[in-house]
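J.: the following comprises the amino acid sequence and a computationally predicted model.
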Amino acid sequence: MATEKMSLLKAINASLRTALENDPKVLIMGEDVGKLGGVFRVTDGLQKDFGEERVIDTPLAESGIVGTAIGLALRGYRPVVEIQFDGFVFPAYDQIVTQLAKMHARSLGKVKLPVVIRIPYGGGIGAVEHHSESPEALFAHVAGLKCVSPSNASDAYWMMQQAIASDDPVIYFEPKRRYHDKSELDTAAIPGPLHTARVTRPGTDLTLAAYGPMVKVCLDAAAAAAEEGKSIEVVDLRSMSPIDFDTLQTSVEKTGRLVVVHEAPVFLGTGSEIAARITERCFYHLEAPVLRVGGFHAPYPPSRLEDEYLPDLDRVLDAVDRALAY
Amino acid sequence: MATEKMSLLKAINASLRTALENDPKVLIMGEDVGKLGGVFRVTDGLQKDFGEERVIDTPLAESGIVGTAIGLALRGYRPVVEIQFDGFVFPAYDQIVTQLAKMHARSLGKVKLPVVIRIPYGGGIGAVEHHSESPEALFAHVAGLKCVSPSNASDAYWMMQQAIASDDPVIYFEPKRRYHDKSELDTAAIPGPLHTARVTRPGTDLTLAAYGPMVKVCLDAAAAAAEEGKSIEVVDLRSMSPIDFDTLQTSVEKTGRLVVVHEAPVFLGTGSEIAARITERCFYHLEAPVLRVGGFHAPYPPSRLEDEYLPDLDRVLDAVDRALAY
Amino acid sequence: MTVDSTAARKPRRSSSKRSSAKQGPAEPQLVQLLTPEGKRVEHPDYSIDLTPEELRGLYRDMVLTRRFDAEATTLQRQGELGLWASLLGQEAAQIGSGRALRDDDYVFPTYREHGVAWCRDVDPTNLLGMFRGVNNGGWDPNTNNFHLYTIVIGSQALHATGYAMGVAKDGADSAVIAYFGDGASSQGDVAEAFTFSAVYNAPVVFFCQNNQWAISEPTEKQTRVPLYQRAQGYGFPGVRVDGNDVLACLAVTRAALDRARTGQGPMLIEAFTYRMGAHTTSDDPTRYRRDEEREMWEAKDPILRLRTYLTDEGMADEAFFAGLEEESDALAKRVRDVVRAMPDPDHMAMFEHTYADGHALVDEERAAYAEYQASFVTAEEGN
Amino acid sequence: MTVDSTAARKPRRSSSKRSSAKQGPAEPQLVQLLTPEGKRVEHPDYSIDLTPEELRGLYRDMVLTRRFDAEATTLQRQGELGLWASLLGQEAAQIGSGRALRDDDYVFPTYREHGVAWCRDVDPTNLLGMFRGVNNGGWDPNTNNFHLYTIVIGSQALHATGYAMGVAKDGADSAVIAYFGDGASSQGDVAEAFTFSAVYNAPVVFFCQNNQWAISEPTEKQTRVPLYQRAQGYGFPGVRVDGNDVLACLAVTRAALDRARTGQGPMLIEAFTYRMGAHTTSDDPTRYRRDEEREMWEAKDPILRLRTYLTDEGMADEAFFAGLEEESDALAKRVRDVVRAMPDPDHMAMFEHTYADGHALVDEERAAYAEYQASFVTAEEGN
Ligand SMILES: Cc1ncc(C[n+]2csc(CCOP(=O)(O)OP(=O)(O)O)c2C)c(N)n1
Ligand SMILES: Cc1ncc(C[n+]2csc(CCOP(=O)(O)OP(=O)(O)O)c2C)c(N)n1
Ligand SMILES: [Mg+2]
Ligand SMILES: [Mg+2]
């Protein structure tokens, strides 16, 4: 496959297909991943082509899904698990935190658990309760897990390849509101390391850092700010555990100002760690405190309110203005 | 009861007893809370005096415990639930995060869930895996929950009274390594609000902030630093959700330096939020970045390593020195 | 190591070929009191004796519920609702069980119990707020003893059990009923609810609507034996009832509630029914199931069979059916009107009701947001 | 609302008085092949025919396991271990089931399966690391097909099920066995393991050691019917075996493993036994149970009955028993010596093995900690 314009969703589908083709140990598991192809159709066509033994419709029990995926990994398989929506990962939280994350350490490195957990996450699609959440901080805080989120088709494809290849458990957060956004995908390109950030738009006055669904909002904000003569650098973090602080530090040392944007609630969101650590690393470079734009300390609101709840162009620009005003 | 010297554990026991006496709707639930009085004996004697209908030994299933506690609260009861150890709260995480935390909002305020979840937490007691963790950030990030942790007998007593009286769910983190530390308890004193911090030792050069088990370490560090002529202010945060930033801000505006100490891993621990927000509030007052001392990004280690893993006097003083060196 | 390697082994069967491993009779007996053809039959354990008026009442409940449900589907298509989860085909299971309840009983529904809500006198328009996206439920459960819809599969089974434990503590003789689906039966929470309710002998009835599907997954993906049998191993009875027979659902649920009330503990009812429509308006069942299945179940329609019975027995005339038609139209119109007029919540509502007793962070965020909002007004005024 | 308020109601019973609600026979049949008095008996479904050598082997396994266990308890009292979970009384359940396994079978234990570990040739001293606090397990599960001890109750039932699904996918005829306790039967994870294993027909045996207690809670706090019955409602067989009868445990487990190997899916074995000691060395059973219970179970001791049988049948002589005594002493001494010599892990070990592929944050923290440590050395050197 050469370069092709593809939706983020189709890129994940293509990446899963490639993985199933290349390694007989790769399995897809989850609720409705078979004939239906998942509620979003991310696994569309895979069961038809790879059979029920490789693409497995599971009983409706998330702890069971992750727990049996651990067992399959112990047997040498590489399960890619789908959690149907962000809000439904919690029944599996115990298996993820106490078993999946810790078994490698528990065995002093003898056991490896190459399990990928796919979680369509975030809001903006007008859904009912539990279908729009951003729980990434609840996983990034837990040692033994790695957490990533692509913002475009090319990353979606390659980061999935790398997540499946990883011998560590990876939580792969899929920005569901960007599923149908198209961008260039070159399946022949050699990607950079999985856990590095990327400067997506260079700038000199302020750094905007985001991942997944908020990268587009930040790029839009940077474009709008450019019209006002402000030069904003946008960093797509791509990984929430580990976070590539080196790339971020380089950027902030240049711009002197940082605003972090995510959909998850601000309080103890990933932005808090970024603010704390970048402040430590760049204390003498920062001309303003690191500001954060994110969700409020409230359950994700009913969908008619989500436009108010989610960080948007205006809220990002407001933070940019406040940071620049220091 | 007048003022009395009492262990933190006995103070919780006394507080539960008072609650059971004062309100027939208060229930104690958990594994082994009955005849055994819990593995730590926090509920010692309560089933004997209040009966099996009020002090309830439950099946071995944490989701079931919290889920039925929610049902009991809906029926008008005020359950106080014991989770046997920090590492065993995760099977209940789904019920806590998706139900307990959100039902008040879901009902637009019509439903109230006065459930207290007691979690003996933290390390330092030489225990096996899952018995020494500090998961508080995983709860504090979740809107709808309140999180507190006492550091002494008097707070243990009064904060439990207030947690039970609260119409919101409260996660009450008990510093198990301090269970047998004795201090003054005045059950006639009128306590301040539950979610306020307290300046435990005044100082002028630097602020040390902590809660639960680390307050003692910070007080010891402040005493040691005093011998070197450094004046350290110690703030006992007492509440991790909400955090009393006003008290902290006042302190930092005076001292210009802040070190936050907790046992939980630093990465996305409560210290990250405190560093981010205090930096925002006190940008022009801070003479050094907010430094954090806490656990490492690793599963809690086997007990023969825990002294290395846990923040201690030396590590706190090291951070103090580094902050003062700016 | 004791290894018996000499014994001949049957060939290893792959895990996908497991149908022959099924245990018990292939098709267990259903409790049925009204056949799909509209004939009354008797059952040795469950009987019922209703007046013509009561029978017409059940018929009316089902018709109005179906009409409300259809109207909601239409409203979704018109963009007035974001989503709708239709109960089409499950009217008998819901009305039958719902009408077995006393006022003081308490209901814990999933997200599809519109018919039960109807029996509880919950205004149907109340159910639409969460599907429109103006709230996440929002009614007061204590007004009608009907809890909020629960979306996280299986959670409510534990809430029901805890509530029932409370009922028992109070010495009341109310009962509690928890609804869930065939898919939900796989969730650990449902199993834990079985354990807790059995151990505490809680007065709770577990009402599982086995509508054969959990989104795209047939029941075989959740169990290899009939679901009602699950109860036995937890120490309480389970029974399978014809979920399209409103009389049987009423009789069996009434008996189960009576057991609960009289201290005999929990019971599991599996109402064997069929999800005639899509899982929700977002779903496309053509991807995973064949039309013939649906057609087969159409012949078992719960409403049609009661209509036949009422007509055959001369218990309802054309005037009754015509009047009901009118009432249905009126209900649909009212629902339509109310929904269309449903206002969006105020922006600041985001900051309400996270806590009952307040929270400093919420106050801080509310104030900051209000200031931010005000900055636009000022900017606009400034222009 | 259909309210049948005229019917007479039995008085509401409080939830603590529920014993009469128990169902099924009060005392179900145990599979037993060797009575507490040391007499061989036959069972219609399970038989076994062992050579005297094999019987002596089982006896030796139990004696050595008990001796190892006692030594570990002593080592805990001496401060060499932080904690010990004794298997005293459960030797037959563990050795019987453990000896039914083939090398290629896979075991998922809890934290008390020292006897099973013994059957898997796991060096007993390997088990002590986590109780001493020098690691959290640390052996390589694939060396002996014996997974790490799992402390979070019930979790391993799902790992076993997943592993068994993998075995089936591989077309292998190995089987998997998951151990758990009576308390664990209440965890949702165990129920989900039942569901998954049944649906996928996974070759897994669930071996529940019902030792009557979950710390201080008797089995009545977990279930009101015998635990082996739990399996039925999930579509696979359950059987209760005399957990103090090593022959019965071997026979039943072998049969269950054979079923699994030959594609007949999961099975539940409830080994009815007794925890003779405290839950762990931290526990004080005098707070919650009476001595008489323990005394009653002493008469059913698993080792004694096999000794009687061996002696009565002339299959073992004094030399055998004396030799075993010596072997026991040697084992105990070796365990003692190894444990006492077990070094504490290096400080920097904290930073190893969190990830297989590395993690930037771990690298950063490792470096910072090394620097911090070095500052002491420098300071000391400076003095
Ligand atoms: C914990 C959880 N996981 C997944 C989902 C997504 N989901 C919503 S409905 C559904 C299927 C439910 O099937 P069933 O229990 O049979 O009820 P039915 O929809 O047929 O009434 C799924 C998987 C959810 N709501 N909660
Ligand atoms: C999820 C979880 N909750 C609580 C505990 C604490 N705990 C350790 S052992 C135990 C009792 C286990 O009883 P059982 O399953 O019967 O096994 P036994 O100890 O009798 O072998 C409990 C409650 C735990 N380890 N994991
Ligand atoms: Mg269904
Ligand atoms: Mg036990």
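T.: Everything's here; your move. Ligands and ions are numbered 1, 2, ... in the order given.
J.: give me the phi and psi for whichever residue of the stretch 101-250 of chain C sits closest to chain B.
T.: When scored by C-beta to the nearest C-beta, the stretch 101-250 of chain C has C:G162 as its residue closest to chain B, at 2.2 Å. Just so you know, the C-beta spots here come from the backbone N, C-alpha and C atoms, and that holds for glycine as well. With angles defined as degrees, to the nearest 10, C:G162 sits at phi -60, psi -40.
J.: so the residue nearest the centre of chain A versus A:A127, what's the distance?
T.: The C-alpha lying nearest the average C-alpha coordinate of chain A belongs to A:S149 (C-alpha atoms, centre = their mean; 1.9 Å). Counting by C-beta to C-beta, to the nearest Å, the gap from A:S149 to A:A127 is 18 Å.
J.: can you give me the strands for the chain?
T.: Looking at chain A here, since you left the chain open. Ranges of strands in chain A, per DSSP state E, are A:3-7, A:26-30, A:55-57, A:78-82, A:116-121, A:146-148, A:170-175, A:182-186, A:198-201, A:206-210, A:232-236, A:239-241, A:258-265, A:291-295.
J.: chain C, not that one
T.: C:106-108, C:176-181, C:204-210, C:213-214, C:217-218, C:238-242, C:267-272.
J.: mind checking which of those is nearest C:M315?
T.: strand C:238-242 (20.4 Å; C-beta to C-beta).
J.: show me what that closest one is packed against.
T.: helix C:246-261, strand C:267-272 (3 or more C-beta pairs under 8 Å, 6 or more residues apart in numbering or on different chains; DSSP states H and E).
J.: in JSON lines, list those along with mean pLDDT, mean neighbour count and distance to C:Q373.
T.: Below are the helices and strands packed on strand C:238-242 laid out as JSON lines (pLDDT from 0 to 100; neighbours: other C-beta atoms under 10 Å in any protein chain shown; distance: least, C-beta to C-beta, whole Å):
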{"stretch": "helix C:246-261", "mean pLDDT": "98", "mean neighbour count": "25", "distance to C:Q373": "50"}
{"stretch": "strand C:267-272", "mean pLDDT": "98", "mean neighbour count": "28", "distance to C:Q373": "49"}
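J.: closest one to chain D among the ones you listed?
T.: Once the helices and strands packed on strand C:238-242 are compared by C-beta to the nearest C-beta, helix C:246-261 is nearest, at 6.3 Å.
J.: what does chain A have sitting close to ligand 1?
T.: A:E31, A:L60, A:E62, A:Q84, A:F88, A:P91 (C-beta under 6 Å from any ligand atom).
J.: same thing but at 8 Å, please
T.: A:31-32, A:39, A:60, A:62, A:83-85, A:87-88, A:90-91, A:130 (C-beta under 8 Å from any ligand atom).
J.: please produce CSV containing those residues, extended by distance to C:A93 and pLDDT.
T.: Listed next are the residues of chain A next to ligand 1 as CSV, based on distance: C-beta to C-beta, whole Å; pLDDT from 0 to 100:
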residue, distance to C:A93, pLDDT
A:E31, 23, 98
A:D32, 23, 98
A:V39, 25, 98
A:L60, 19, 98
A:E62, 26, 98
A:I83, 29, 98
A:Q84, 25, 98
A:F85, 26, 98
A:G87, 27, 98
A:F88, 25, 98
A:F90, 29, 98
A:P91, 26, 98
A:H130, 25, 98
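J.: out of those residues, which sit inside helices?
T.: A:E62 (DSSP state H).
J.: looking at the residues of chain A next to ligand 1, which is nearest B:E263?
T.: For those, the nearest to B:E263 is A:F90 (24.0 Å; C-beta to C-beta).
J.: what's the nearest residue to that closest one if we skip its chain neighbours?
T.: Using C-beta to C-beta, 6 or more residues apart in numbering or on different chains and skipping residues adjacent in sequence, the residue nearest A:F90 is B:D94, 3.7 Å away.
J.: ok, the one you found - contacts?
T.: A:F90, A:P91, A:Y93, B:S63, C:V152, C:S155, C:D189 (C-beta atoms under 8 Å, 6 or more residues apart in numbering or on different chains).
J.: same check on A:P265?
T.: Here A:P265 is in contact with A:S134, A:G294, A:G295, A:F296, A:H297, A:A298, B:H141, B:A143 (C-beta under 8 Å, 6+ apart).
J.: drop anything exposed from those.
T.: Using 16 or more other C-beta atoms under 10 Å in any protein chain shown as the burial test, those include A:S134, A:G294, A:G295, A:F296, A:H297, A:A298, B:H141, B:A143 as buried.
J.: from A:A127, how far out is the fifth one?
T.: It stands for A:H297. In terms of C-beta to C-beta, A:H297 sits 21 Å off from A:A127.
J.: if we can go back for a sec, turn the strands of chain C into TSV, including distance to A:M103.
T.: TSV is the format used below for the strands of chain C (distance: least, C-beta to C-beta, whole Å):
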stretch	distance to A:M103
strand C:106-108	36
strand C:176-181	32
strand C:204-210	35
strand C:213-214	30
strand C:217-218	29
strand C:238-242	37
strand C:267-272	36
